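Undergrad: Output the structure for:
(2 chains)
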Amino acid sequence: SAVISQKPSRDICQRGTSLTIQCQVDSQVTMMFWYRQQPGQSLTLIATANQGSEATYESGFVIDKFPISRPNLTFSTLTVSNMSPEDSSIYLCSVGGPAHGGYTFGSGTRLTVV
Amino acid sequence: GNSVTQMEGPVTLSEEAFLTINCTYTATGYPSLFWYVQYPGEGLQLLLKATKADDKGSNKGFEATYRKETTSFHLEKGSVQVSDSAVYFCALSDLKAAGNKLTFGGGTRVLVKP
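TA: Alright, predicted model coming up:
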């Protein structure tokens, strides 16, 4: 299965600023997924990123707040914009699907907004 | 739409006790089912999976059987260890109805005491 390198692993940010999270995959993948895990909660899908097209956002998430780039088949970034304390969460990227035997997750970015 | 419901935690057990975490699902298609584990401070790891009815997934002493008739995928382990303390997530992927994305249950925190 694919191996994902995600960074940063954690950060503490001031409100009103932005943070860009990177995920690098060791193989080419068509779709990459970005999730948010709020404290003590389950994972919620933010968006699905295909190379060469706009990301598809889930209900409750918008591109202005969470812009995503997918410049090639092995890399993606998620930016958390104009942060507030409510954005404090773990953000995870993922690749895979049933046809690939399952999904692989990055190690996550633990974001604290102060 | 698709949904996953799993028992709420925390579940506190003594070492060598039997563990069951209930998981039921609702899906419009014919989903693949997964159990993921999140150890303290770490990302998600695939624990086991099943892709069709009556399949049994197993790994590290954990087992779960895909029961289409009861729409369930309960996780079991016969004798837990302290190192099994983690949060366990049941998830489904319904390629036909929801593309490639995963739908997660709320997670169950398990604490195993020596």
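Undergrad: after the helix or strand bottoming out on mean pLDDT in chain A, next one along is what?
TA: Lowest on mean pLDDT, DSSP states H and E among the helices and strands of chain A sits strand A:102-105, with a mean of 88. For strand A:102-105, the succeeding helix or strand toward the C-terminus, using DSSP states H and E, is strand A:109-113.
Undergrad: what does that next one rub up against?
TA: Here strand A:109-113 makes contact (CB atoms under 8 Å, 6 or more residues apart in numbering or on different chains) with A:6-15, A:19, A:21, A:80, A:83-92. (C-beta placed from N, C-alpha, C; glycine too.)
Undergrad: Mind doing that once more with 10 Å?
TA: Around strand A:109-113, the neighbours that count as contacts under CB atoms under 10 Å, 6 or more residues apart in numbering or on different chains are A:6-17, A:19-23, A:36-37, A:39, A:78, A:80, A:83-93, B:41, B:43.
Undergrad: Excluding chain neighbours, what is closest to residue 65?
TA: No chain in the question, so chain A it is. A:Ser81 (5.5 Å; CB to CB, 6 or more residues apart in numbering or on different chains).
Undergrad: That was the other one, I meant chain B.
TA: With CB to CB, 6+ apart, the residue lying closest to B:Thr65 is B:Lys56, at 4.7 Å.
Undergrad: With A:Thr48 instead?
TA: Nearest non-adjacent residue to A:Thr48 (CB to CB, 6+ apart): A:Thr56, at 4.8 Å.
Undergrad: Surely the one you found is in contact with A:Met32?
TA: No - in this structure A:Thr56 lies outside contact range of A:Met32 using CB atoms under 10 Å: 11.4 Å.
Undergrad: These two: who's more crowded?
TA: Set side by side, A:Thr56 and A:Met32 show more neighbours around A:Met32, with 26 against 14, by other CB atoms under 10 Å in any protein chain shown.
Undergrad: Give me the helices and strands touching the helix or strand containing the more buried one, please.
TA: Take DSSP H and E as the rule and A:Met32 turns out to sit in strand A:31-37. Here strand A:31-37 touches strand A:19-25, strand A:43-50, strand A:68-72, strand A:75-80, strand A:89-97, strand A:102-105, strand B:102-104, going by 3 or more CB pairs under 10 Å, 6 or more residues apart in numbering or on different chains; DSSP states H and E.
Undergrad: Alpha carbons of that strand, as PDB, please.
TA: Output of strand A:31-37 as PDB, limited to C-alpha atoms (Å, rounded to 0.1, in the frame of the first residue of the first chain):
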ATOM      1  CA  MET A  31      -7.700  10.700  -5.800                       C
ATOM      2  CA  MET A  32      -6.600  12.200  -2.500                       C
ATOM      3  CA  PHE A  33      -8.800  12.900   0.400                       C
ATOM      4  CA  TRP A  34      -8.600  15.500   3.200                       C
ATOM      5  CA  TYR A  35     -10.200  14.900   6.600                       C
ATOM      6  CA  ARG A  36     -10.700  16.900   9.700                       C
ATOM      7  CA  GLN A  37     -10.800  15.300  13.200                       C
END
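Undergrad: Report pLDDT for the most centrally placed residue in chain A.
TA: Central residue of chain A (CA atoms, centre = their mean): A:Trp34, 3.4 Å from the mean position. Listed pLDDT for A:Trp34 reads 96.
Undergrad: residue contacts, it?
TA: A:Trp34 makes contact with A:21, A:23, A:45-49, A:55, A:57-58, A:61, A:66, A:68, A:76-78, A:91-94, A:106 under the criterion CB under 10 Å, 6+ apart.
Undergrad: Pull out the buried residues from those.
TA: Among these, those classed as buried by neighbour count (16 or more other CB atoms under 10 Å in any protein chain shown) are A:21, A:23, A:45-49, A:55, A:57, A:66, A:68, A:76-78, A:91-94, A:106.
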